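Trainee: Prediction below, plus the sequence it came from.
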Amino acid sequence: QVQLVESGGGLVQAGDSLSLSCAASGRTISTYAMAWFRQAPGKEREFVAVSRRGDGRPYYADSVKGRFTISRDNAKNTVYLQMNNLKPEDTAVYYCAAAGVFSSWPPPAPAYDYWGQGTQVTVSS
């Protein structure tokens, strides 16, 4: 079992930056692909970014490419999401997730075995 706890959400203005953290416990994240998803009110959960296990190579959704950066510190068992130049459409609950076994890249949402409880990010215009 892997427990994931997100933190760092809050209320910011458009153009501001925010950094999210996802602290894992139970197992080391080094053997998992670690990702961030988000869900806005009335919308389906959507993929944001993922860090590949091993080399940590990132992959981003087009909507956040160039603005968001995912990183991981396996020694601290923590994954981060640095969000710059935030826009009102980035407003959502952000979830951290871990995938152990998957057959495609990036892993689709059903491939993720563990999810955090989410942290709210609100961007005002």
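Mentor: Received the coordinates, thanks. Numbers count the residues shown, from 1 in each chain.
Trainee: what about the nearest residue to Gly56 once chain neighbours are set aside, neighbour count?
Mentor: Distances taken as Cβ to Cβ, 6 or more residues apart in numbering put Arg72 closest to Gly56, at 5.4 Å, once the chain neighbours are dropped. Heads up, the C-betas are built off the backbone N, CA and C, glycines and all. Residues lying near Arg72 (other Cβ atoms under 10 Å) number 22.
Trainee: again, but for Leu81
Mentor: Leu81: 26 neighbours (other Cβ under 10 Å).
Trainee: thinking again about what came up before, moving C-terminal of the helix or strand hosting the residue nearest to Gly56, what's the next helix or strand?
Mentor: Here Arg72, judged by DSSP states H and E, is contained in strand 68-73. Counting by DSSP H and E, the element after strand 68-73 in chain order, helix or strand, is strand 78-83.
Trainee: by how many degrees do whichever helix or strand comes after that next one and strand 78-83 diverge?
Mentor: Going down the chain from strand 78-83, the next helix or strand is strand 92-99, by DSSP H and E. Orientation of strand 92-99 against strand 78-83 (axes from the mean of the first three to the mean of the last three Cα atoms, to 10 degrees) gives an angle of 140 degrees.
Trainee: what does strand 92-99 rub up against?
Mentor: If you take Cβ atoms under 8 Å, 6 or more residues apart in numbering as the criterion, strand 92-99 is touched by 2, 4, 6, 9, 20, 22, 24, 29, 32-40, 43, 45, 48, 79, 81, 107, 109, 111-121.
Trainee: Grab the most central residue of the protein for me.
Mentor: In the chain, the residue lying closest to the centroid (Cα atoms, centre = their mean) is Trp36, at 1.8 Å.
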